[in-house]
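Engineer: Show me the folded form of this:
(chains A and B)
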Amino acid sequence: MASVKLEGIGKSYGDQEVVSDLDLEIADGEFVCLVGPSGCGKSTTLRMVAGLEEITRGDVYIGDRRVNLVAPRDRNVAMVFQSYALFPHMTVEANIAFGLKIRKLPEEERRRKIQWSLELMGLESLAGRMPRELSGGERQRVALGRALVLEPEVLLLDEPLSNLDAGLRSDMRTALKKLHLEVQRTILYVTHDQVEAMTLSDRVAVMSRGRLMQVGTPREVYRRPRNLFVATFIGNPSMNTVQVRPRDTKDGIVLDAGDFQLPLGEVPAGLVLPYLNQPVILGMRPEKIQVLEKPADDSLRAFVNVVEPLGAENILDVNVGDTNFKIKVAAGSGIKPGQPIPVRFDRESQHLFDHETGTSLLDSLQRPV
Amino acid sequence: MRWSAPLLHRIGLGLFLVAVLIPPFLLFKYSISDKESVVTGGEYPQPFWPFHPTLQLFEQLFTRDDFLGAFSLSLQIALLTVFFSLVLGAPAAFALARYRFPGKALVLFLMISVRLLPDITSVVPVVEQFARYPFSLVPELLQVALAHTLLSLPYVLYIAIGVFETIPRDLEEQAQLLGASRLFAFRHIVLPVALPGLAAAAIYAFLLSWNEFVFTFFLTFQSTSTTLPVLLQRIMAWTVQTNYLAAIALALTLPVIVFTMIVQKYMRAGMMAGAIK
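Structural biologist: Sure, this is the predicted structure:
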């Protein structure tokens, strides 16, 4: 097993820079997700670690070894492609055995390892099948089994669940997490699905346009997004954003949105002072806006446009004045479209971002979560 | 499907069928005809079906040295053409399908440019070269096979490029990550997966060579041994015995059927199924 270290790596195709100046350290046995919208450079980054893509700038280390110029097969990494890339003319067993055969392992040891892999992935009864005779989930397990049988130091997974239907995806997610606990490999996992990233990984690395936006535990990136991109990318539905101007009043600093005013929450006033009367972006999570029974002093009057039932929860699309918000509430609240409701914004969960750079005003503070 | 197709459509279909079936029917009929059914001396019309159907002509044919010689030569040349076309065409096609390099479009164009000229035009420089030292030392068999390769290669290239393009790069990359070298991945992953498509290219090359007349005619002009199509022409030059020619023509189709049946085994559909998705 080994750690992985990316030091200022970059990738360009001609003038076009797809990954720039990326630093990331993955500890031995850690499960890290690279997450971001499509085209953000996350797959390219993964392929640079695998050795399938040349590294334009910077260094990649696996363990203590710099691997920039090491051939893919000598890096001791295994990868599961989004397409699974099963060899269509070989049985499940032959697919799993492929790498072992090249390594010319003794027959006895090879048998044992294949057996281990088949059992681990629950494929014993399918060993003799061809890939075309397998379901999506089974193919996925073969691809994983084939990767794990070589006992790689690092396991690279490129959107392994994106070809599965919703139910199976959630099952495989759980299975992957169990698998990680069982085999304790260093895993770098690429996905565009933030739910997958949040549920699976020890740490999440959020990417956008070839740059790393934030690295942290799922809790950190959710609670303390360092910039507007991470704030709106992580969380479902997305964080509400509205442009406000901090004003100094006799009651302290308030955030003036035009249609309504909110007292400043837990963001220290000192950080907001430089922005007095300047536009800043206020972010509020849909789950941090409460619907009250009846109006209170600090409540706002919201008007319900649409109710989207999700089963256990409802998503409300509401307007406060002209400002549109999403609110997540428990189902069964009996709220109907066209109805005015009193809402209260959770003061402790305000996020403030610089209007121009999108950086969190808290970013200058290194605070524990 | 309705059975009651309009009358006009049925008549059209019927005429089409008759038109398509006349040549093979005539071939078959003549090849099993006895002499009286063909040579009538104008005293009676040729019968629709031979008076005394017989396989005598085929017996004669397969005991003639010139026929057997030409048959064997044709077969050797066709198989050599298939061999050369695939050995040269498959790697070239793979490179053209997989790698980007400057001037790729031009290379592709030049490679198929032979086929832009009529055969009868490109035959001149080819025959001219083979007539000169040192190419004149190349055995005639090889000369003809190489000329046929020249003709089939562009097609093989095109078919094979199409085949390789359908094979996802993921498969090779996966093989490399599992420890394979590029060559090993090509040999053990790409080629087996490409086999059905390449089999189609092989059938094409075989047919082309088996059928080829113009180049063979000029290259074997002074030679006593030649391929079947040219032999057919030579026999035609001194006999008008329709039934004899028909038998030769029919015999020409046999190896094509056999070769196609053998190669078809590799043309299993859905080879790629299960690799991705």
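
Engineer: Whether stretch A:129-148 contacts chain B - can you check?
Structural biologist: Yes: against chain B, stretch A:129-148 shows contacts by CB under 8 Å from any CB of the partner chain at A:130-134, A:136, A:139, A:146. Placement of C-beta: from N, CA and C, glycine included.

Engineer: Select only the buried ones of those residues in ChimeraX?
Structural biologist: Those of the residues of stretch A:129-148 next to chain B that count as buried under 16 or more other CB atoms under 10 Å in any protein chain shown are selected in ChimeraX with:
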select /A:130,131,134,136,139,146
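
Engineer: I'd like the residues of stretch A:129-148 next to chain B as a markdown table, with pLDDT, secondary structure and distance to B:Gly103 appended.
Structural biologist: Converted to a markdown table, those look like this (pLDDT from 0 to 100; DSSP: H, G, I helix; E, B strand; the rest coil; distance: CB to CB, whole Å):
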| residue | pLDDT | secondary structure | distance to B:Gly103 |
| --- | --- | --- | --- |
| A:Met130 | 93 | coil | 41 |
| A:Pro131 | 92 | helix | 38 |
| A:Arg132 | 91 | helix | 39 |
| A:Glu133 | 91 | helix | 44 |
| A:Leu134 | 91 | coil | 43 |
| A:Gly136 | 87 | helix | 42 |
| A:Arg139 | 92 | helix | 40 |
| A:Arg146 | 93 | helix | 39 |
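
Engineer: Give me the contact list for stretch A:165-185.
Structural biologist: With CB atoms under 8 Å, 6 or more residues apart in numbering or on different chains as the contact definition, stretch A:165-185 has outside contacts at A:1, A:29, A:31, A:120, A:136-137, A:140, A:144, A:148, A:152-155, A:157, A:160-161, A:164, A:187, A:196, A:199-200.

Engineer: again, only this time at 7 Å
Structural biologist: Contact with stretch A:165-185 is made by A:1, A:29, A:31, A:136-137, A:140, A:148, A:152, A:154-155, A:161, A:164, A:187, A:196, A:199-200, as judged by CB atoms under 7 Å, 6 or more residues apart in numbering or on different chains.

Engineer: Then stretch B:231-246?
Structural biologist: So stretch B:231-246 is contacted by B:27, B:30-31, B:33, B:38, B:57, B:66-67, B:70, B:248-249 (CB under 7 Å, 6+ apart).

Engineer: For whichever residue of the stretch 251-369 of chain A sits closest to chain B, grab the count of nearby residues.
Structural biologist: Nearest to chain B, among the residues of the stretch 251-369 of chain A, is A:Leu310, at 29.1 Å (CB to the nearest CB). For A:Leu310, the neighbour count with other CB atoms under 10 Å in any protein chain shown is 11.

Engineer: quick one: the closest residue to it other than its chain neighbours from A:Pro340, how far?
Structural biologist: Nearest residue to A:Leu310, sequence neighbours excluded (CB to CB, 6 or more residues apart in numbering or on different chains): A:Ala331, at 7.5 Å. Using CB to CB, to the nearest Å, A:Ala331 is found at 20 Å from A:Pro340.

Engineer: Please tell me how far the helix or strand encompassing A:Gly270 is from the chain's geometric centre.
Structural biologist: A:Gly270 belongs to helix A:269-272 when assigned by DSSP states H and E. Relative to the mean C-alpha coordinate of its chain, helix A:269-272 is positioned 30 Å out (CA atoms, centre = their mean, to the nearest Å).

Engineer: Quick one: name whatever helix or strand follows it.
Structural biologist: Next along the chain after helix A:269-272, taking DSSP H and E as the criterion, comes strand A:280-284.

Engineer: Which secondary structure elements does that following strand sit against?
Structural biologist: The contact analysis (3 or more CB pairs under 7 Å, 6 or more residues apart in numbering or on different chains; DSSP states H and E) places strand A:280-284 against strand A:240-249, strand A:351-354.

Engineer: Backbone dihedrals for residue 26, both of them.
Structural biologist: Here I'm looking at chain A. Backbone geometry at A:Ile26, expressed as degrees, to the nearest 10, gives phi -120, psi 120.

Engineer: show me what contacts it?
Structural biologist: Contact analysis of A:Ile26 by CB under 7 Å, 6+ apart lists A:3-4, A:32, A:186, A:188.

Engineer: from those, which is closest to chain B?
Structural biologist: When those are compared against chain B (criterion: CB to the nearest CB), the nearest one is A:Leu188, at 13.7 Å.

Engineer: on that earlier part again, would you list the phi and psi of the residue of the stretch 251-369 of chain A closest to chain B?
Structural biologist: The phi/psi pair for A:Leu310 (degrees, to the nearest 10) is phi -120, psi 10.

Engineer: Tell me the spacing between it and A:Leu316.
Structural biologist: Relative to A:Leu316, and taking CB to CB, A:Leu310 is found at 11 Å.

Engineer: Equivalent analysis for B:Ala90, please.
Structural biologist: 62 Å.

Engineer: and A:Lys5, what helix or strand is that in?
Structural biologist: Applying DSSP H and E, one finds A:Lys5 within strand A:4-13.

Engineer: Can that strand be said to contact chain B?
Structural biologist: No: counting by CB under 7 Å from any CB of the partner chain, chain B is not contacted by strand A:4-13; separation bottoms out at 11.1 Å.

Engineer: Check which residues of the helix or strand containing B:Pro24 are buried.
Structural biologist: Assessed by DSSP H and E, B:Pro24 sits inside helix B:7-31. Buried residues in helix B:7-31, counted by 16+ other CB under 10 Å: B:27, B:29-31.

Engineer: How about stretch A:95-111?
Structural biologist: Using 16+ other CB under 10 Å as the test for burial, stretch A:95-111 gives A:95-100, A:102, A:105, A:110.

Engineer: That one: how far from the chain's middle?
Structural biologist: Remark: stretch A:95-111 is offset 35 Å from the chain centroid, using CA atoms, centre = their mean.

Engineer: Nearest residue to A:Lys40 in space, please, no chain neighbours.
Structural biologist: One correction, residue A:40 is Cys, not Lys. In space, and not counting its chain neighbours, A:Cys40 is closest to A:Met207: 4.5 Å by CB to CB, 6+ apart.
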